[in-house]
Each structure stands twice: as structure tokens, then as C-alpha cells.
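Undergrad: Output the structure for:
(2 chains, ligands or ions: 3)
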Amino acid sequence: MTTAQAPSGSKEVPAGNWLGWATSTDHKRIGLLTVATSLVLLLVMGVFALIMRGQLAQPELDLVLPHTYSQLFTLHGSGMIYLVITPFALGMGVYLVPLQIGAPAIAAPRTTLLGYWLYVCGAVLVLVSLAAANGSASSGWFSYPPLADSDFSPGVGPDLWIVGVVLSTTGMILMGWTVLWTALRKRTQGMTMLRMPVFTWSMVASCLMVIGSFPSLLAAMALLAAGRADPSVFHANAWNIGYQHLFWFYGHPVVYVMFFPYLGAVAEVLAVFSGRAFFGYKGTVLSLLVFAALSMSVWAHHMFATGQVANDYYSLTSISLLVPAGVEYFAMIGTVLGGRLVFRTPMLFALAFLPQFLIGGLTGIMVGTPVLDYHLTDSYFVVAHLHYVLFAGSAFGLFAAVYFWFPKATGVELGERLGRLHFVLLVIGTNLTFLPMFALGYEGMPRRVVSYAPFDGFSLLNLLASCGAAVLAAGMVVFVVNVLWTLRKRSLGRHVPAPPDPWGAGTLEWATSSPPPATNFTPEYPVPPVRGHAPLLTLREGQGEPDDRATLSGSRG
Amino acid sequence: MTTRQFFGTVFALESALAAFVFAVVAMLVCLAVVRRRAGARRRPSRRLEHTRPEAFYVAVLVAVAAFLVVYTARQNHDEHRAAAHGDPVEVTVTAFQWCWRFDYPQARKPLAVRADCRAGRRPTLVVPTGRPIRFKMASPDVIHSLWVPDLRYKRDIFPHHVNTVTLTVDREGRWIGRCGEFCGDRHHTMDFWLRAVSPAAYDKWLAQHAGAPAGGTPA
Ligand code: HEM
Ligand SMILES: [Cu+2]
Ligand SMILES: [Cu+2]
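TA: Numbers count the residues shown, from 1 in each chain, chains lettered A, B, ... in the order given. Ligands and ions are numbered 1, 2, ... in the order given. A predicted model of the protein is given here:
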């Protein structure tokens, strides 16, 4: 293949060449590869979830064996966290942060690329582990010892799973470093820290947590690996409970890593489709940092029922989180209350994020309260809570981001009608699936059970939840069709090319072409002057008379 | 008060608060959607900050958080103190893959309740009402958790470590108990019955079954 030398010295490879894609150090390509890979894995993990919901639709079904079921929830849970929502968040950061701060490239692009490939290798190992003789890991995504040691979970499957988790987590740490470094060191002239867009700030806070807490997962996995080599490691309670501390020192902050970038995306979408700059910017930035700092001190609220932690302290730090969270809601609601709202698909997802995620947040206060958690932990109440956080929260933010930035990344907008259908199905499906689970947990259904008895009284609610899962799956099919159909139209040249700024947005990535050129900004698409956290908006508002402004925002589709 | 009552009080309070917050946010979002839609011909505000109400609002949040922390911590302490009040009955709980064994050290002769949790053979843990029951719990293999949903309480059971909890049951009846921590492929079958009887009936039961042949499953 012919390769031309770009002036910067980085290799320019023609688009469409797979080798070029796989080895490019262009942050936009690495970012797209990361989000595309994680979207594919989202579908895989979604299929695992559907099988589980099928198994639980009725009491005493025999769709899958108990040991298969254990692997399904382990891979679904660990896959969603290690291989889907976290990588997607960092992939968005890799793609967007340099553009949003007016940088021509990401800092240390080869490290970012290495991070991506470690992630891919990790994902492959995790999936391959299913083919091992005794199956894959089967002790849940947190894999507590001694259940996860080689006495109780023999076979190479769990070993492969551990290596896979370590590789992908190492990849995430590398990506976190380069994104953070980019935001700190590669800002364009005029882009002070306090003019960085909210999304970039959310990435900065996330990357700080990635760097601060992800190594703890590596340590936990190393401890587990030691216990698989020699199970007597876990013949001391100190290491059993010690593993849980190491694990949750990672396991709690990762929840915010899986949430901030999506909150940042939602904040951008809300501002743009409200036709204004984000309201309450400073409070939000501060609250993100406070949140990140506090997040490192709440881990043991996952361990109230062990009877071996200081309940009062962890309850204090956990409940304090409602303060920064409340500040963020204040800003987001303030933004829409003073806006002029345009209801395109990204905006629908962003608006739905607000009440949907809130259900996860409010029930989070409940499980952060020891008296309640003694009953609710490890029950379906927690399953409902975590899916409201991760699915109704993060995944809605994820889709808002996909519909919003798709034209920037590909040069063509996703279909609006299919987008709306996707949205409606997802709202119905999410609530039908996860709302009944609160009641199930309250009534005493434990999590991670492959079956239940008719007299338990769980049958009807489980049936509802499984029907909801079918609606969700239908919504996801609509989404996949939309993406494939749009890309197909583009490859046939039958699309309407997206302009640089299809939504009338305010941040720098919309100042360059869609998709952006290799160096992000060129003499044709220069970095505009930066005088606030929504430079394009300032530019438009500064140029026209008030009436022109109304026309400008009204011209948005 | 029993664990169930502590749970009920705090749960009702936090649910009411949560419902209120949810209603306010949902209302504000609806308000924005209706009043602020593009068709309503309003200009977007250019305001970037509104520091005063925000500061006031943060103060309210801090107050709510402080109240919740202090209030729930007190409930937590009261819960544990109330349970320990009185002359306790002791039960040694052994949770294993995948069933339970309950020993009564206060019986005159060795008394153990056990079963294998297969085909509906669940062991029945018999306790008296109105007296604190002190469970000394350990596991010979992996981590399990003693959970009686009706008592609204669970506590993990570790290998190489004895966890102790004290609970009180205030009325007679029979409830399902479960394993609350995933412990392997038959975790879902690891259930038992908790039967609470009057103190007199309990003493009678204890006397009747003490010294029963090993492997017996008195109920
Ligand atoms: C972004 C999407 C999702 C994320 C991040 C996610 C995450 C998780 C996590 C972390 C667990 C816990 C696994 C464990 O405790 O080992 C879990 C369990 C589960 N999820 Fe999801 N999930 C997602 C979507 C879904 C969907 C759409 C469904 C339903 C169709 C679903 C159904 C389940 C089920 C049935 C379990 C097993 C619960 C248990 O037995 O503990 N998940 N999920
Ligand atoms: Cu168990
Ligand atoms: Cu169990």
C-alpha cells in the first residue's frame, strides 16, 4: 500500500486500509476504534443478558445449566464494566478532548494506541476463556476469594479471564494518562483550564480516578492470581477481606468513571439543544473535582454486610456525595430551564437521562445507609439500582453522545426517525426491565440465582422484567439498523454531507470540518479565538444583532 | 424494636425523600419541555451563573446530607443495641457449600440441625421469640451470608473468621432464610427455615431434641 508522508512526520494512510486504521496514531482513529469495539462488545454482553432474562422469565426453567448461568452473569457484568462502558468513555475522551481544546493531536499517541490494543487483547482473552474446559470465570465480576481461587473454581478459564481483565485495565490506565496529559498540556492559546468544555472537564476528573484507582484492580487481580497458584493464600481472613478492600477501592471509583464522561456528554447536549452556553459551569467543574476526591473514600460501603468495616465513616462519605451530585443537577436543569429547546434525538436521550439516572442516584443513598443495606445488598434491589445507574444513566448518555457526535466523526447524521424509535423503545424497555427488580429485591430475591420456586412469589415481576428485556433488545436492533443503514448510504454516496456544525454548537470540535482533517485544524478550518467555555457561541452572539441570533438558532434543523 | 422495624422506619423516610426529589426534578424537566420548547418563541437566557441561589441550595444539600448521616447512624447503633438487650440464646451457624448446620451449645446434650438443601430438604432453625439470639457464624469453605428477608437483615459468613450477630424475633411464625452471597453453582438452593416459637415451646423443643442421633434433622 502506498503511504504518503505528512508534514508532521506521522504516517498518512488512506482511509479504508485496515492496516492503516489499526496502526494509525491519529487520536480520532484510535478513539473511533475504541468506541466501535466497545459497541460491538455491548451487543455481545447484551445477548448474555437476554439469555439470563430468558432463564428467569418463569420459575424453574432449564434454559441453561447453573454453571453456564454463573459464567453468563460473570461475563455480562465484568464485560459491561471492563470492556464496554469504561472503554467507551475513554474512547470518547481520546476522540474529543484534543478537538475540544484545539490541539492538533493527542499527547503520546503511541501510548494511546498501545492502550487500545491492550484493551482488544484483553477482550479477546475474556471471550476466549468461555471455550476453556471448565468454562470461564464464574464467581461474578468481583470474584471474591476463596470462591474464585483454584480450589473452588478450577480450570484455565478463570486464569484467562484474569489476564484479560488485567490487560484491558492496563490499556485503560494508559489511555487515561494520555487524555489527562492532553488536557493539561496541549490546550490552544486562550484555552485556560476554566474555559475547557464541561465534557473535557468530566474527562479530566475521570482520568484522575482512573490513575488513582485502577492500579488497585491490578493489585486485586495479582492477589487473586497468587491465590490461584497457591490457594493457601486465602487461608487467612486478612487476605479474604483484604481482597475486597483492594477490589472496591477500584470498584467504586470505576462507577464514576463510567458516569462522568456521560454526564459531560449530556451536559454538552443539553446546552447545545437549549441554544445557550452551559449554565452553572464553575459549580459543575468544582463539583466534579469534589466528587472525584470523595469517590476515593467510599469503597467499603460495598462491604457493610461483612461486619468488618467502619459503617459510620463509609456511610458519611457515601451520603455526602449527594451534595456534588445535587450541584450538577442544579446546573443541568438550570440550563434547560433557561433554554430554547430543540428536540432532536441526542436531546431526547439527554433529557431522559435526568430523571432516569436520578432513580439510580436516589436508590444509591438507600444502599449507602447501613440499616437499609443489610437487607438490600446482594438482592435484586441492587441489580435494579446498578442498572438505573449504568443503563438508564450511562447508556442513555452514551446514546446521546453517539447521536450527537456521529455527524462530526463520520460526516453524516444518523436517521432521525429510527433514532426516535430507538429512544422510545429504550425508555419503555429500561423501566419495564429494571423497575420490577426493586420490588423483587425488597421481597427477598437474591441476586445471582439461576432459578426460583413458584411459591417464592417472584414469578410475575420476573416475567415483566423479561418482557422489558425483549423491548430493550428491539430498541438495540433499531439502533444497529440505523447505524449500518446510515454508513451504507454514505459509502454509496447517497447521503447529505454534514456541515462542520450541524447543531449550532459552542465548543471547538464544531469549528473544523466533519469529519475533521488529520491535524484537526487547518488554515481553512482554523482554531477560532477562545474567550469562554463556548467559543463558537460567543463568536456568533458577538457578531450579530440580537434578532440575527434568533434566526441563527432557529435555522437549526 | 426489631431489625424489621428499624428498616421500615428508615426505608419509609428515605423513600419519601427520594419520591419528593424525583417529583421536583421530573416537574422541572416537564416545565422546561413545555415552556421552553422552540415553538414557544422564547430566547435562550445568556446567564452563565446564578451564584446566590446556588450557594443557598448547596447549604440545603449539606443540611440534608448531615441530617441523613446522623439520623441513620443513630438508627444503626440503636438497632445493634436493641438486639443485644436481654439474656441471649446462642446458636452456632455453619454455612457450607451448599446448606446450613445449626448447633445449640446451650442444650444439655449436643444438638445439631442439619440438612442438605436438596429436593426441598431445608434445615429449620428454631428460636424463641422475645429473647436475643446470638449467632456465631463461620464457614468451612467460601463466603456465604445469612439472610432472612423478613427480618430485613443479613450478615456475611467468612471462612477463617467468626462473625457474630444478635437478632430478636418478636412474633411467632416461619420464614424463609437464604444465602445472600454468591457461593457457587448451587447458591440458589441454599435456603433454610427460621421458625420462631414461644420461649416455653422453645425450651421444650430443646429438651426433646438434645442428644438426637447425629445426622438427625429435628424440626
Ligand atoms: C450498559 C448496560 C449494562 C451494564 C453496564 C450492566 C451491568 C451489569 C452488572 C455490573 C451486573 C452485575 C453482575 C455481577 O454482579 O456479577 C449485571 C447483572 C445483570 N444484568 Fe446487566 N448491565 C447492562 C445491561 C443489562 C440489560 C439490558 C439487561 C437485561 C436485558 C441486563 C440484565 C442483567 C442481569 C439479568 C444480571 C444478573 C443479575 C444477577 O444475577 O446478579 N443487564 N449487569
Ligand atoms: Cu452460600
Ligand atoms: Cu450463596
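
Undergrad: Which residue lies nearest the spatial centre of the chain?
TA: In the absence of a named chain, this looks at chain A. Most central in chain A under C-alpha atoms, centre = their mean is A:Ile85, positioned 3.2 Å from the mean C-alpha point.

Undergrad: My question was about chain B, not that one.
TA: Nearest to chain B centroid, counting by C-alpha atoms, centre = their mean: B:Tyr153, 1.7 Å.

Undergrad: give me the element the nearest residue to A:Val179 once chain neighbours are set aside is part of.
TA: Leaving out its chain neighbours, the residue that sits closest to A:Val179 by C-beta to C-beta, 6 or more residues apart in numbering or on different chains is A:Gly93, at 4.2 Å. No exception for glycine: its C-beta is placed from N, CA and C like everyone else's. Taking DSSP states H and E as the criterion, A:Gly93 maps to helix A:86-100.

Undergrad: so what does that helix touch, helix or strand wise?
TA: helix A:27-56, helix A:109-128, helix A:157-185, helix A:198-229, helix A:253-257, helix A:260-272, helix A:396-410 (3 or more C-beta pairs under 8 Å, 6 or more residues apart in numbering or on different chains; DSSP states H and E).

Undergrad: picking up where we left off before, looks like the residue nearest to A:Val179 contacts A:Ala205 (just checking).
TA: No - judged on C-beta atoms under 8 Å, A:Gly93 makes no contact with A:Ala205 at a distance of 10.9 Å.

Undergrad: Give me the more crowded residue out of the two.
TA: The neighbour comparison of A:Gly93 against A:Ala205 (other C-beta atoms under 10 Å in any protein chain shown) goes to A:Gly93, with 33 against 26.

Undergrad: for that one, what are its contacts?
TA: A:Gly31, A:Met175, A:Val179, A:Met203, A:Ser206, A:Cys207, A:Pro261 (C-beta atoms under 8 Å, 6 or more residues apart in numbering or on different chains).

Undergrad: Count the neighbours of the first one for me.
TA: Meaning A:Gly31. 27.

Undergrad: Next one, pLDDT for it please.
TA: Note on A:Gly31: pLDDT of 97.

Undergrad: My guess is B:Val21 contacts A:Leu362. True?
TA: Yes - the pair formed by B:Val21 and A:Leu362 meets the contact definition of C-beta under 8 Å, at 6.2 Å.

Undergrad: Could you check which of those two is surrounded by more residues?
TA: A:Leu362 (22 against 18).

Undergrad: just checking, A:His245 touches A:His302?
TA: No - judged on C-beta under 8 Å, A:His245 makes no contact with A:His302 at a distance of 9.8 Å.

Undergrad: residues contacting residue 129?
TA: As the question left the chain open, I've gone with chain A. A:Ser136, A:Ala137, A:Val156, A:Gly157, A:Pro158, A:Asp159, A:Leu160, A:Trp161, A:Gly164.

Undergrad: looking at chain B here, not the other one
TA: B:Val169, B:Asp170, B:Arg171, B:Glu172, B:Ala196, B:Val197, B:Ser198, B:Pro199.

Undergrad: Please tell me how far it sits from ligand 3.
TA: 27 Å (C-beta to the ion, to the nearest Å).

Undergrad: And for that residue, nearest residue in space, chain neighbours not counted?
TA: B:Ala196 (4.9 Å).

Undergrad: All the strands of chain B, residue numbers only.
TA: Along chain B, counting by DSSP state E, strands occupy B:89-96, B:99-103, B:112-114, B:124-128, B:132-138, B:144-148, B:153-157, B:163-168, B:173-179, B:191-197.

Undergrad: The ones you listed into a markdown table, with extra columns for distance to ligand 2 and mean pLDDT?
TA: Shown next, in a markdown table, are the strands of chain B (distance: least, C-beta to the ion, whole Å; pLDDT from 0 to 100):
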| stretch | distance to ligand 2 | mean pLDDT |
| --- | --- | --- |
| strand B:89-96 | 6 | 96 |
| strand B:99-103 | 9 | 96 |
| strand B:112-114 | 15 | 91 |
| strand B:124-128 | 15 | 95 |
| strand B:132-138 | 12 | 95 |
| strand B:144-148 | 3 | 97 |
| strand B:153-157 | 8 | 96 |
| strand B:163-168 | 14 | 93 |
| strand B:173-179 | 3 | 96 |
| strand B:191-197 | 10 | 96 |
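
Undergrad: any low-confidence regions in chain B?
TA: B:212-219 (pLDDT under 70).

Undergrad: How many neighbouring residues does residue 188 have?
TA: All of this refers to chain A. Quick note: A:Thr188 (other C-beta under 10 Å) scores 18 neighbours.

Undergrad: that's the wrong chain, I wanted chain B
TA: 19.

Undergrad: Quick one: neighbours of the residue lying closest to it once chain neighbours are set aside, just the number.
TA: What sits nearest to B:His188 in space, not counting adjacent residues and going by C-beta to C-beta, 6+ apart, is A:Val449, at 3.8 Å. A total of 22 residues lie near A:Val449 under the criterion other C-beta under 10 Å.

Undergrad: secondary structure class for A:Val449?
TA: coil (DSSP: H, G, I helix; E, B strand; the rest coil).

Undergrad: Tell me how far it lies from ligand 2.
TA: Taking C-beta to the ion, one finds A:Val449 at 11 Å from ligand 2.

Undergrad: for A:Val298, same thing?
TA: 27 Å.

Undergrad: Give me every residue in chain B lying close to ligand 3.
TA: Counting by C-beta under 5 Å from the ion, chain B comes close to ligand 3 at B:Cys179, B:Cys183, B:His187.

Undergrad: May I see these organised as TSV, with neighbour count and distance to chain A added?
TA: Below are the residues of chain B next to ligand 3 laid out as TSV (neighbours: other C-beta atoms under 10 Å in any protein chain shown; distance: C-beta to the nearest C-beta, whole Å):
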residue	neighbour count	distance to chain A
B:Cys179	30	7
B:Cys183	25	6
B:His187	24	6
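
Undergrad: who's in contact with the residue in the stretch 401-550 of chain A positioned nearest to chain B?
TA: Relative to chain B, the nearest point of the stretch 401-550 of chain A is A:Gly444 (2.8 Å; C-beta to the nearest C-beta). With contacts defined as C-beta under 8 Å, 6+ apart, A:Gly444 is in contact with A:Ser379, A:Asp456, B:Trp147, B:Pro149, B:Asp150, B:Ile176, B:Arg178.

Undergrad: now A:Ile365
TA: Here A:Ile365 is in contact with A:Ser318, A:Ile319, A:Leu322, B:Glu14, B:Ala18, B:Leu68 (criterion: C-beta under 8 Å, 6+ apart).
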